[in-house]
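>>> what's the 3D shape of this:
(chains A and B, ligands or ions: 1)
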Amino acid sequence: MSDQYGPLKQAVIDGNADLTNALVQAALAQGAAAKEILEGALLPGMAVVGERMKSGECFIPEVLLSARVMQGALDALRPLLAEGEGGGLGTVVIGTVEGDLHDIGKNLVGMMLSGAGFEVINLGTGITPAQFVAAAEEHGATIVGMSALLTTTIPRMKETIDALAAAGLRDKVKVMIGGAPVTQAFADEIGADGYGANAGAAVDRAKSLVK
Amino acid sequence: MPEASAPGRLAPRVSMLTDDAFVYVHGQTLELLATVGVRFASARARALLREAGARVDDDSMVVRIPAELVERAVASAPHDVLLAARDGEHDALLDRSRTFVGHDGMGAMTMDHRTGERRPSTDQDLYEACVVADALDELGFCWYVATPNDAVPAVQSLQGIVTMLRGSGKHAQGDLSDPLLVPYALEAAAAASPGGVWDPARPVFSIVYCPVSPLQHDPEALDAAMLLAEHGVPIVVYSLALAGATAPITLAGTIVQTNAEILSGLVALQLAAPGSPFVYVGNSSILDMKTSTYGACGPEALLFNLALTEMGHRYGFPVLSGGLSSDAKELCMQSGYEGGTMALLSTLAHADLFVGVGMLDSAQFLYLPKMVLDAEVVAQCAHVARGVQLDDESVMLEVSARIGPGGHFLGARETRSFLRRGEHYQLKVFQRGSYEAWRAQPVPEAERATAVVDDILATHRPPALPVGAEERMAAAVAAAAEGRG
Ligand code: B12
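Numbering: from 1, shown residues only, chains lettered A, B, ... in the order given. Reported below is the predicted structural model:
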């Protein structure tokens, strides 16, 4: 199966949108199932890109390009996928906490998660605990991701976890946190489920949380 | 060869900006400001800009700033800026004649030199870093080097200013991004000022204000900066564009955008408070495209700082440049190289201020012993900048004649007298000497620096504050906490 999809997988790795879309259409025309294309070519392609990022072989913008290409292909497949097949890893609601406008890290993590097969809802910056709760509810989130880079705004993370608990959502979602001054120790202290020191680690942790 | 007269002092200077380059960068900057524009989320700033003739789109909040407005702002900012010291002795007058050095900032974490543990910074950490800065002659001012995580979050930055003023007699350069805190900060600074009154001619504190790359201004932070400028508080406009992420990947594109961001901040500040003191900062950097994290140091940061320091100077502004920062997580060759080269280049570019003392890990944590080592680097940089005195007395031909071929200079009166006058730099914590002597008692660098820190903390007391100042400052913080609570 993987050989059959070798060129498509390679097109994702190369970040070649036109070729990826053409090969997806060709595979569909030949009767391939959407799920098979996704799992046999698109996700494995992204996995290779993820590995290359970790080993320092490729640059972040190249990883992001592959992620965008894979998203484009997924958009074409989505109507053909049965319920629960849409990439399958679940929905991440991610935002930068209230009072904080550092968003580069959060955006990067969001793009990388969507490249890895998560549905990502990027809420933007200055998100209050109530807004995180409302978004988690609205989108049926699997993971709530919070970013904070200021010591003055980090307390919002614990408040959001408390708000999720108060809304009866704490058992339904996993909470991930990050941002330069955030540490694993802090994540443990406030009862977050996951922490990511960088975008690659964030993806690994998110995947392990939904396994 | 014709007879040459003695040239006097030869002082090295680094420069990379030609006249043409300045004109080109300025022109590209004006075009960016006039065509792409800058988002000002502050309604007050937009009103001022509109009134002054800028094209304002209220929906997108984007303001297109005509060249003429920029030129007017450049002309209205003062060339010399005084960062006054509350002790009256350590004033930093920024007039291109000297380079003053400060801490790095703002550390969420501190590597505790007593325990070796890296933990969240406290108010006491900030206080100690200021006491050490007060004691070290190489430091000319204090920066907000550690954030007091044990203070109420809403007033942390105010607490920071108070603690800096308590810990040192030197000028305090802090952060204040909340307009509601402005009156409390002015009250605290008044309490610490001689006579207990705020003197706009002698501001004992100043504020770092950051535009939000690319090309935006945060409403609260800018409103706070405009208010402070109206009270004579110098505003240090510090754009932190990260090439490839919040600015073009190219060095040229990032230089132009950074310049545009700084100048757009200047325009708003000069409209709110014409003639108010302003400092230009050229410390942009990159996003590390392999680890997806901030890279504060390295060749790109050196080039950004060099080019922008000269841009700022050409406009006639005082400039704050990068310095002893490092992306390294420990004291090592990387930290020495990154910090040392930037410090030397900033010194030789004659930056009015440079920062970076005392921190590691891309300004993420404070480590007090590094302050002592950094101070040694600063002292050596200053010695290089002093250059070579070139005249008949220093060439010493007469002495050479007296001693003649084959003699030695150790017994000459001139040798003693020049040594006493500081012709040679004398090491403080760095070491020379024989390998055997070192081997007999190998005290690691960090330990030697730690001993100096411990000694300073045990013996040095910052200059006394005016009577009642401690109480007034504490009351200001408490009132602010209540008001913001
Ligand atoms: C760029 C920057 C800015 C830009 C932000 C532009 C933007 N659009 O985001 C500007 C200039 C606007 C800015 C402003 C300020 N900043 Co700032 N800023 C930085 C800087 C230099 C880099 C941050 C960055 O973008 N890094 C690149 C990204 C990719 O890395 P990252 O954010 O860490 O994200 C990675 C990981 O942390 C992780 N991650 C991030 N989020 C998440 C979320 C989840 C769920 C997971 C799993 C993982 C994860 O993955 C990411 C990708 O690898 C840091 C320095 C530093 N060492 O981090 C200071 C820093 C964060 N800023 C700081 C400060 C103080 C400020 C200001 C208060 C300065 C001022 N005086 O105005 C203001 C505050 C504004 C506000 N209200 O938020 C301090 C905070 C110190 C403290 N003790 O709190 C820092 C540490 C600098 C310093 N040492 O002083 N800043």
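>>> Distance check, A:G179 against chain B.
Using CB to the nearest CB, to the nearest Å, we find A:G179 at a distance of 10 Å from chain B. The way it works is simple: take the backbone N, C-alpha and C, and place the C-beta from them, glycine included.
>>> which one is B:H313 nearest to, not counting chain neighbours?
Spatial nearest neighbour of B:H313, excluding adjacent residues (CB to CB, 6 or more residues apart in numbering or on different chains): B:V319 at 5.9 Å.
>>> Look up phi and psi at that neighbour.
Here is the backbone geometry of B:V319 (degrees, to the nearest 10): phi -130, psi 140.
>>> shaky segments in chain A?
A:1-2, A:83-87 (pLDDT under 70).
>>> Which parts of it are helices?
For chain A, helices defined by DSSP state H occupy the ranges A:6-14, A:17-29, A:34-37, A:43-54, A:60-77, A:104-115, A:129-139, A:155-166, A:184-190, A:199-210.
>>> Tabulate these in CSV, adding columns for mean neighbour count and distance to the ligand.
Output for the helices of chain A, formatted as CSV (neighbours: other CB atoms under 10 Å in any protein chain shown; distance: least, CB to the nearest ligand atom, whole Å):
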stretch, mean neighbour count, distance to the ligand
helix A:6-14, 20, 21
helix A:17-29, 16, 24
helix A:34-37, 18, 28
helix A:43-54, 20, 11
helix A:60-77, 20, 8
helix A:104-115, 24, 2
helix A:129-139, 19, 11
helix A:155-166, 19, 10
helix A:184-190, 14, 9
helix A:199-210, 20, 4
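>>> isn't B:P200 right next to B:L228, touching?
No: between B:P200 and B:L228 there is no contact under CB atoms under 8 Å: 10.7 Å.
>>> how about the closest residue to B:S193 other than its chain neighbours, what does it touch?
Of all residues not flanking B:S193 in the chain, B:V204 sits nearest, at 5.3 Å (CB to CB, 6+ apart). B:V204 makes contact with B:84-86, B:165, B:171-172, B:189, B:192-193, according to CB atoms under 8 Å, 6 or more residues apart in numbering or on different chains.
>>> Go through the residues you listed and give me the one with the most neighbours.
Highest neighbour count within these: B:A172, with 32 neighbours (other CB atoms under 10 Å in any protein chain shown).
>>> Looks to me like that one is in a helix.
No: under DSSP: H, G, I helix; E, B strand; the rest coil, B:A172 falls outside any helix and is assigned strand.
>>> bridging residues for it?
Residues in a beta bridge with B:A172, per DSSP bridges, are B:C142, B:F205.
>>> So which of the contacts of B:V204 are in strands?
B:171-172 (DSSP state E).
>>> JSON lines for the contacts of B:V204, including distance to the ligand?
JSON lines is the format used below for the contacts of B:V204 (distance: CB to the nearest ligand atom, whole Å):
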{"residue": "B:A84", "distance to the ligand": "21"}
{"residue": "B:A85", "distance to the ligand": "22"}
{"residue": "B:R86", "distance to the ligand": "21"}
{"residue": "B:L165", "distance to the ligand": "18"}
{"residue": "B:H171", "distance to the ligand": "17"}
{"residue": "B:A172", "distance to the ligand": "14"}
{"residue": "B:A189", "distance to the ligand": "17"}
{"residue": "B:A192", "distance to the ligand": "21"}
{"residue": "B:S193", "distance to the ligand": "23"}
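>>> Identify the residues contacting the closest residue in space to A:G124 that isn't next to it in sequence.
Spatial nearest neighbour of A:G124, excluding adjacent residues (CB to CB, 6+ apart): A:G95 at 6.1 Å. Taking CB under 8 Å, 6+ apart, we find A:G95 in contact with A:106, A:122-125, A:127, A:131-132, A:135, A:145-147.
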